[in-house]
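[1] build the 3D model from these lines:
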Amino acid sequence: MTILVTGATGTVGRQIVAQLVERGAHVRALTRNPSTASLPAGVEVACGDLAAPQTVAPALEGVTGLHLITFGGDDYAPLESGPELVELVAKAGVRRVSVLSSWDETSVEAALRAGELGWTQLRCVEFMANALDWVDSIRDEGVVRVFGNHPGAVIHEADIAAVAVTALVADGHAGETYDLTGPETLIPEQRVRLIGAAAGREIRFEELTEDGYRASMLAAGVGEDMIEFGVQLGANPPEMGLTVLPTVERVTGRPGHTFAQWAAEHAAAFRV
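    Model (predicted):
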């Protein structure tokens, strides 16, 4: 059994690769930059770009399971190559597909819905790993500044991967859409405290006004579209992110990781 993981060097992709290796699967990892992949021993690294489907075709040879992402390139733009990709996947005889989706359907999901492949859709709330965006301000100033101190059921990237891996190695998941959250809701201020406890240092929390947020993003060179997106999230967080769902435990048979566990795993990143 060969499983191809696209986005293999990303936050979730690396976890999927590692967990499949632990299960003894033959893993082929697709990346645009094989020389910098730095994946576990035994993983077969293939070069390909989802935005250029013809480059992916050789990597699909002999593949029985496939993990797909729906964005590509350095700008994380939604893929427009869904129809071509799905046609290649079907021709290759892939039997199981997991798809890490955003909340807005892309050409990938549309093509899968129009076809006959068995696939499992994973839709997630905010990743716990997004807290790594706070590393610089914590290390340099001992502070985290956030616009919108709202609760969120943030999810550990390993739990997203565990659901994907289950769908790739076991029957019974085709046709399912799994909405994934962490096991608790926390406001950013609480997450900052947990990081401080794990890193053994005091970290201040400052809630930004909308004007303050806009000014800080402009100073950092963030584009207007991304700033508007951040304002909307901060002012009106989606209801999905405020509700804890039991999906991770139901699919994998174990509870999801807490943010305290995530903070302990990444404590070194937040130390001076």
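[2] helix, strand, or coil at the nearest residue to residue 272 once chain neighbours are set aside?
    Nearest residue to residue 272, sequence neighbours excluded (Cβ to Cβ, 6 or more residues apart in numbering): residue 139, at 5.7 Å. All C-beta atoms are positioned from the backbone trio N, CA, C, and that covers glycine. Assigned by DSSP: H, G, I helix; E, B strand; the rest coil, the conformation of residue 139 is helix.
[3] looks like residue 139 contacts residue 270 (just checking).
    Yes. If you go by Cβ atoms under 8 Å, residue 139 and residue 270 touch, sitting 6.8 Å apart.
[4] higher neighbour count, these two?
    Remark: of residue 139 and residue 270, residue 270 carries more neighbours, 23 against 14, as counted by other Cβ atoms under 10 Å.
[5] burial measure for the residue lying closest to that one once chain neighbours are set aside, as a count.
    Nearest residue to residue 270, sequence neighbours excluded (Cβ to Cβ, 6+ apart): residue 199, at 4.2 Å. Here the number of neighbours of residue 199 (other Cβ under 10 Å) works out to 20.
[6] what do you get for residue 59?
    23.
[7] can you tell me the SS state at the nearest residue to it once chain neighbours are set aside?
    Among residues not flanking residue 59 along the chain, residue 46 sits closest, at 3.9 Å (Cβ to Cβ, 6+ apart). With three-state DSSP as the basis, residue 46 sits in strand.
[8] listing partners with orientation, what would you give for the helix or strand of the chain at the bottom of the mean pLDDT ranking?
    Least confident element among the helices and strands of the chain, by mean pLDDT, DSSP states H and E: strand 71-72 (a mean of 88). Take DSSP bridges as the rule and strand 71-72 pairs in its sheet with strand 77-78 (antiparallel).
[9] give me the contact list for the strand it pairs with.
    Under the criterion Cβ atoms under 8 Å, 6 or more residues apart in numbering, residues 70, 71, 102, 104, 106, 107 lie in contact with strand 77-78.
[10] contacts for stretch 10-24 next, please.
    3, 5-8, 27, 29, 39-40, 42-43, 67, 69, 100, 127, 129, 157-158, 160-162, 164-165, 168-169.
[11] for stretch 203-220, that is, sorry about that
    For stretch 203-220, using Cβ under 8 Å, 6+ apart, the contacting residues are 138, 142-147, 149, 188-189, 192-193, 195-196, 226-227, 230-231, 234-235, 270.
[12] may I have that stretch exported as CSV, CA atoms only?
    What follows is stretch 203-220, C-alpha atoms only, in CSV (Å, rounded to 0.1, in the frame of the first residue of the first chain):
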residue,chain,number,x,y,z
ILE,A,203,4.0,37.0,28.9
ARG,A,204,1.8,40.1,28.7
PHE,A,205,-1.4,40.1,26.8
GLU,A,206,-2.7,43.3,25.0
GLU,A,207,-6.0,43.4,23.2
LEU,A,208,-5.8,45.7,20.2
THR,A,209,-8.6,48.0,18.9
GLU,A,210,-9.5,47.6,15.3
ASP,A,211,-7.6,50.8,14.4
GLY,A,212,-4.6,49.5,16.3
TYR,A,213,-4.8,46.1,14.5
ARG,A,214,-5.0,47.8,11.1
ALA,A,215,-2.0,50.0,11.9
SER,A,216,0.1,47.1,13.1
MET,A,217,-0.7,45.0,10.0
LEU,A,218,0.0,47.8,7.6
ALA,A,219,3.4,48.4,9.4
ALA,A,220,4.1,44.7,8.9
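[13] please identify the buried residues of that stretch?
    203, 205, 207, 208, 213, 214, 217 (16 or more other Cβ atoms under 10 Å).
[14] residue 250: which of these is nearest?
    Lowest distance from residue 250 to those (Cβ to Cβ) belongs to residue 205, with 33.6 Å.
[15] who's that closest one bridged to?
    Bridge pairing for residue 205 - DSSP bridges - gives residue 144.
[16] now it: how far from residue 112?
    42 Å (Cβ to Cβ, to the nearest Å).
[17] so what's the residue count around residue 271?
    Applying other Cβ under 10 Å, I find that residue 271 has 12 neighbouring residues.
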